[in-house]
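Trainee: Below are the sequence and a predicted model; questions follow.
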Amino acid sequence: MNYLIIMLVALMPFSSFAKSNKGNTAKKIVHLFDNATVGAVQTVLGASHIVWYMIFDDGPEFQVHNDEETEVIQMGIENSPPFFSGAYSLGLFQVGGYAHKHEGGHSVASATLGPLYLPTVGLSYLAEGHGGSFIEDWADLEAYAGGNYNVMNDFTVSPGKISVNGKDYNVVAFKYSLNEEQNAKGYGLESQKIYRWFNTNVIVPLANKNSDIESVPVVEFDLLKKEFNLIIDNVAIYLAGDQDLRWQIKTSQEYLSYDQNKFHDIVRMKAASWQASYGLIYNINDQIQMDFNVGVGAAVESLKFDSIDQERRGMSLGAKFDFNISFEENYKMTYEYEKWTLGSNTTITEEFFGATYQRNQPFKFLHKNSQLKLKLGKKEIEYETNGYQFEEDRIDFGLELTF
């Protein structure tokens, strides 16, 4: 992997943070990329309208819709909608010539849910009707939330231990990302969107004369990791007291990822990856909350196993499950499991157990959205290819500051 190329590409978004309250150029590029890849089904359907209007009209009337306050940029086909329908959005295209901001909000959902967008729209309309569906409310939330991004630094130091092939290594992990965070609430919905730029994790061995590690054993880097969480307050079930039941959608997307693990001589590179999970949030009372989520994912990646001189390339498919219990908004326990399959004989499995204590704005001189987290976790990682198996356990005790 050419580190120089990574650094040159990584410097591109810096100028975009000058106006954090607006839809900057970097986020617009990501929006276009997402709707052209994971949202390609919607975009192709939208583009097919060009042929429709060439046949049944005098040709399409185009207009670019570039919302200065959000990441939305779309090609508008301003002709009257076909079949006497209302205006609608499909990926990178709007059809109908009105309600531009609202339809742009749909394009954000398309870029986020990818291939699950149209099934989610269909189920939402079927269960709730068009006018009362959360998909329509979500579009309004995206359209009128504006920019309202806070630029934050996220830094973590985690002393810990890594076990490989029965041998233990004492290490310290340093993690950093430059975050653009947006929180929006309205229309019975709550959303959180985080762009984690330069998402980096470097694991350094502690000095030990008996150690056989002479260099940094683990480097994990994403140019960008985009995370989204939508809470939908519309589960119509009667629950007594302070009990509450809500839907939840979570997505995670990574761009230009490079992971090097010298413990096993494995290099994993991802051009892009996408995950989407659906789940429920159940509040037992106003202090205890549980949620569980199940999802799928896809990635374009390569895996190089230097120790056995093998390499795998192509599209991998993933599945994920997570379960969380929160107490009084300060304490949280988490279990996560995910498995990726590349080809017919290569899998990557990760299992995580962890506990977190969180305090908001730990110091008054920091931003009101600042957080201090005390984290204890264990991650089990397993690579398997052609009968070869590589296993690793990581235990760390971390202090994370977002400011």
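Mentor: Thanks, I have the structure now.
Trainee: pLDDT weak spots in the stretch 101-250 of the chain?
Mentor: Applying pLDDT under 70 to the stretch 101-250 of the chain flags residues 146-147, 208-214, 236.
Trainee: Show me which parts of stretch 166-186 are buried, residue by residue.
Mentor: With burial defined by 16 or more other Cβ atoms under 10 Å, the residues of stretch 166-186 counted as buried are Tyr169, Val171, Ala173, Lys175, Ser177, Leu178, Asn179, Glu180, Glu181, Gln182, Ala184. Quick note: C-beta positions are derived from backbone N, CA and C, even for glycine.
Trainee: any idea how far the third one is from Asp396?
Mentor: Ala173 is 6 Å from Asp396, where distance means Cβ to Cβ, to the nearest Å.
Trainee: The fifth one too?
Mentor: Distance, Ser177 to Asp396, using Cβ to Cβ: 17 Å.
Trainee: quick one, strands of the stretch 201-350 of the chain?
Mentor: 218-232, 244-261, 266-283, 288-305, 310-327, 331-342, 346-360 (DSSP state E, counting those that start in this stretch).
Trainee: ok, now the stretch 1-150 of the chain?
Mentor: 62-66, 73-77, 88-90, 93-95, 150-164.
Trainee: looking at the ones you listed, which is buried most?
Mentor: Compared across the strands of the stretch 1-150 of the chain, strand 93-95 shows the largest average neighbour count, a mean of 26 (mean count of other Cβ atoms under 10 Å).
Trainee: what lines up beside that one in the sheet?
Mentor: Sheet pairing of strand 93-95 (DSSP bridges) gives strand 73-77 (parallel), strand 88-90 (antiparallel).
Trainee: To Gln275, which of the ones you listed lies closest?
Mentor: strand 88-90 (22.6 Å; Cβ to Cβ).
Trainee: and the closest one, what's its mean pLDDT?
Mentor: For strand 88-90, the mean pLDDT works out to 94.
Trainee: picking up where we left off before, for the strands of the stretch 1-150 of the chain, give me TSV that also has distance to Gly122.
Mentor: Formatted as TSV, the strands of the stretch 1-150 of the chain follow (distance: least, Cβ to Cβ, whole Å):
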stretch	distance to Gly122
strand 62-66	25
strand 73-77	21
strand 88-90	13
strand 93-95	18
strand 150-164	35
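Trainee: Would you tell me which strand is longest in this protein?
Mentor: As assigned by DSSP state E, the longest strand anywhere in the chain is strand 167-186.
Trainee: so what does it touch, helix or strand wise?
Mentor: helix 134-144, strand 150-164, strand 189-205, strand 388-402 (3 or more Cβ pairs under 8 Å, 6 or more residues apart in numbering; DSSP states H and E).
Trainee: thinking again about what came up before, make CSV out of the strands paired with strand 93-95 and add distance to Leu223.
Mentor: Below are these laid out as CSV (distance: least, Cβ to Cβ, whole Å):
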stretch, distance to Leu223
strand 73-77, 20
strand 88-90, 27
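Trainee: Quick one: closest of those strands to Ile194.
Mentor: strand 73-77 (20.5 Å).
Trainee: Tell me how many other residues surround the closest residue to Glu328 other than its chain neighbours.
Mentor: In space, and not counting its chain neighbours, Glu328 is closest to Gln287: 5.0 Å by Cβ to Cβ, 6 or more residues apart in numbering. Neighbour count of Gln287, defined by other Cβ atoms under 10 Å: 12.
Trainee: Would you quantify the distance from Gln287 to Asp233?
Mentor: 19 Å.
Trainee: go on, Glu142?
Mentor: For Glu142, the distance to Asp233 - Cβ to Cβ - is 17 Å.
Trainee: So for these two, which sits in the more crowded spot?
Mentor: Neighbour totals were compared for Glu142 and Asp233, and Glu142 leads with 28 against 15 (other Cβ under 10 Å).
Trainee: What number of residues are in the vicinity of the residue lying closest to Pro362 once chain neighbours are set aside?
Mentor: Nearest residue to Pro362, sequence neighbours excluded (Cβ to Cβ, 6+ apart): Leu372, at 3.8 Å. By other Cβ under 10 Å, the residues close to Leu372 number 17.
Trainee: Name the strands paired with the strand or helix carrying Leu372 and say parallel or antiparallel.
Mentor: Using DSSP states H and E, Leu372 sits in strand 371-385. Using DSSP bridges, the strands paired with strand 371-385 are strand 346-360 (antiparallel), strand 388-402 (antiparallel).
Trainee: Quick one: closest of those to Pro119.
Mentor: The nearest among these, by Cβ to Cβ, is strand 346-360 at 26.3 Å.
Trainee: quick one: the closest one to strand 288-305, angle?
Mentor: 140 degrees (axes from the mean of the first three to the mean of the last three Cα atoms, to 10 degrees).
Trainee: Now His130, what are its backbone angles?
Mentor: phi -60, psi -50 (degrees, to the nearest 10).
Trainee: So it sits against Glu136, correct?
Mentor: Yes - at 6.8 Å, His130 and Glu136 qualify as touching, with contact defined as Cβ atoms under 8 Å.
Trainee: quick one, longest helix in this protein?
Mentor: helix 100-113 (DSSP state H).
Trainee: who's in contact with that helix?
Mentor: 30-31, 34-35, 38-39, 42-43, 65, 67, 70-72, 74, 76, 87-92, 94, 96, 117, 120, 135, 138-144, 228, 249, 251, 276 (Cβ atoms under 8 Å, 6 or more residues apart in numbering).
Trainee: Could you check how far Val41 is from Leu230?
Mentor: 20 Å.
Trainee: nearest to Glu329, of the strands of the stretch 1-150 of the chain?
Mentor: Across these, closest to Glu329 is strand 150-164 (Cβ to Cβ), at 18.7 Å.
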